[in-house]
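**Q** sequence? don't have it. structure:
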């Protein structure tokens with residue numbers, strides 16, 4: 001049991017490390033090859049698209065062929081996507097292909113791992129195990145950009161070769177260690193539109209899901225354009241970007257671990273309003289960047305506001321779900337994916353028009369999102385269980 005959980009945590013860590021590792025490398029590749037900056041957003045978007053729309057298929061397949069087989073298949077495909085990226089780093093069409101492959105098989109891994117944990121855990125310990133999976137995802141997001149930046153300092157291909165090698169070794173280990181779990185009839189399946197979502201969206205909780213989309217939409221936009229913007233301002237390197245994202249990742253963890261757990265029940269909306277004000281301040285600080293310290297400070301201010309908003313809105317959405325926690329989680333996951341699909345493309349497009357335009361737009365979006373919280377508070381149509 002312990003070996004299986006550690007292995008599944010490693011899979012989740014590597015999937016999200018693989019997502020993060022490209023952040024400090026991709027803009028540098030696009031700039032060096034003299035491609036249009038819009039391709040930074042495009043290459044991030046196709047990954048999320050492929051993962052999002054194929055997740056239901058992978059869910060059905062894992063029920064038929066088994067969780068272990070799908071995890072092994074996903075590891076092979078995910079490793080292959082990094083190999084393709086490293087071999088064809090100067091070929092734009094092949095980079096898009098590698099990102100589609102990566103998104104496809106990251107969706108397979110996410111679905112199979114979630115199903116595996118559901119099968120092997122009881123109602124009592126499922127939250128604990130899912131929490132460990134969440135921690136692994138968070139660590140992947142923190143260390144991915146840092147590793148990408150440090151290895152990319154020596155060679156832009158090196159981060160992808162290293163990732164492919166690690167995943168291949170994990171495949172060998174998983175082949176021997178993982179044992180197919182006994183399927184549980186109550187295991188939730190991932191769907192594009194969670195069951196019961198239509199009814200839930202008739203209540204005021206829908207404003208929280210809209211808010212959640214905007215929060216991730218802005219985050220994805222910053223991930224796509226921050227390095228492009230700083231290359232133009234202070235000639236920032238992939239190594240420096242890696243360090244800045246790693247430091248901001250620890251700020252994210254500190255907010256979620258130190259601040260959020262101290263928020264009292266009933267005060268969430270006040271914190272959400274404050275979080276968006278801080279987010280807007282961070283966006284405006286980006287436009288004032290004149291040196292590396294200022295870039296890091298602006299990123300940390302934005303991260304603090306965004307992390308607080310992301311965590312609070314998920315918590316409040318759960319409380320407003322009327323006990324339909326799975327449906328609320330599914331809708332939050334869908335909104336997160338939608339933000340990651342649309343955010344990179346939209347904000348890199350704004351960047352090609354004027355480099356600061358995306359940050360001014362994001363600041364306005366952050367302020368506008370506060371109106372959703374006021375509308376939510378004014379509505380009495382609630383599913384909340386007292």
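**A** Cool, the structure landed. Since the model is a prediction, treat every value here as computed from it, not as a measurement.
**Q** tell me which element the nearest residue to residue 108 once chain neighbours are set aside is part of?
**A** Closest residue in space to residue 108, ignoring its immediate chain neighbours: residue 74 at 3.8 Å, by Cβ to Cβ, 6 or more residues apart in numbering. All C-beta atoms are positioned from the backbone trio N, CA, C, and that covers glycine. Assigned by DSSP states H and E, residue 74 belongs to helix 67-87.
**Q** Give me the helices and strands touching that helix, please.
**A** helix 2-21, helix 38-65, helix 92-120, helix 158-177 (3 or more Cβ pairs under 8 Å, 6 or more residues apart in numbering; DSSP states H and E).
**Q** Could you tell me the angle between the last one and helix 67-87?
**A** To tie it back to what came earlier, the one meant is helix 158-177. Going by axes from the mean of the first three to the mean of the last three Cα atoms, to 10 degrees, helix 158-177 is angled at 160 degrees with respect to helix 67-87.
**Q** go on, the second one?
**A** Angle between the axes of helix 38-65 and helix 67-87 is 160 degrees (criterion: the same axes, to 10 degrees).
**Q** again, but for the third one
**A** Between the axis of helix 92-120 and that of helix 67-87 there is an angle of 160 degrees, by the same axes, to 10 degrees.
**Q** where's the helix holding residue 74 relative to the chain centroid, distance-wise?
**A** 19 Å (Cα atoms, centre = their mean, to the nearest Å).
**Q** Report the rounded mean pLDDT for that helix.
**A** Helix 67-87 carries an average pLDDT of 90.
**Q** So which residues make contact with it?
**A** 11, 14-15, 18, 58, 61-62, 94-95, 97-99, 101-102, 104-106, 108-109, 111-113, 115-116, 119, 157, 160-161, 163-164, 167-168, 170-171, 174-175, 178-181 (Cβ atoms under 8 Å, 6 or more residues apart in numbering).
**Q** Contacts only, for the residue lying closest to residue 8 once chain neighbours are set aside.
**A** Leaving aside its sequence neighbours, residue 8 sits nearest to residue 113 (Cβ to Cβ, 6+ apart; 5.2 Å). Contact analysis of residue 113 by Cβ under 8 Å, 6+ apart lists 8, 11-12, 67, 71, 133.
**Q** Same list, these, but as TSV with neighbour count and distance to residue 40 please.
**A** Putting these into TSV (neighbours: other Cβ atoms under 10 Å; distance: Cβ to Cβ, whole Å) gives the following:
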residue	neighbour count	distance to residue 40
8	25	31
11	26	27
12	23	25
67	26	34
71	26	30
133	20	29
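**Q** Would you convert those residues into CSV that also reports distance to residue 238?
**A** Listed next are the contacts of residue 113 as CSV, based on distance: Cβ to Cβ, whole Å:
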residue, distance to residue 238
8, 30
11, 26
12, 25
67, 36
71, 31
133, 29
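**Q** List just the nearest of those to residue 341.
**A** Lowest distance from residue 341 to the contacts of residue 113 (Cβ to Cβ) belongs to residue 12, with 20.6 Å.
**Q** Share the number of residues neighbouring the closest residue to the closest one other than its chain neighbours, please.
**A** Nearest residue to residue 12, sequence neighbours excluded (Cβ to Cβ, 6+ apart): residue 136, at 4.1 Å. By the measure other Cβ atoms under 10 Å, the count of residues near residue 136 is 23.
**Q** try residue 165
**A** Residue 165 has 13 neighbours, counted by other Cβ under 10 Å.
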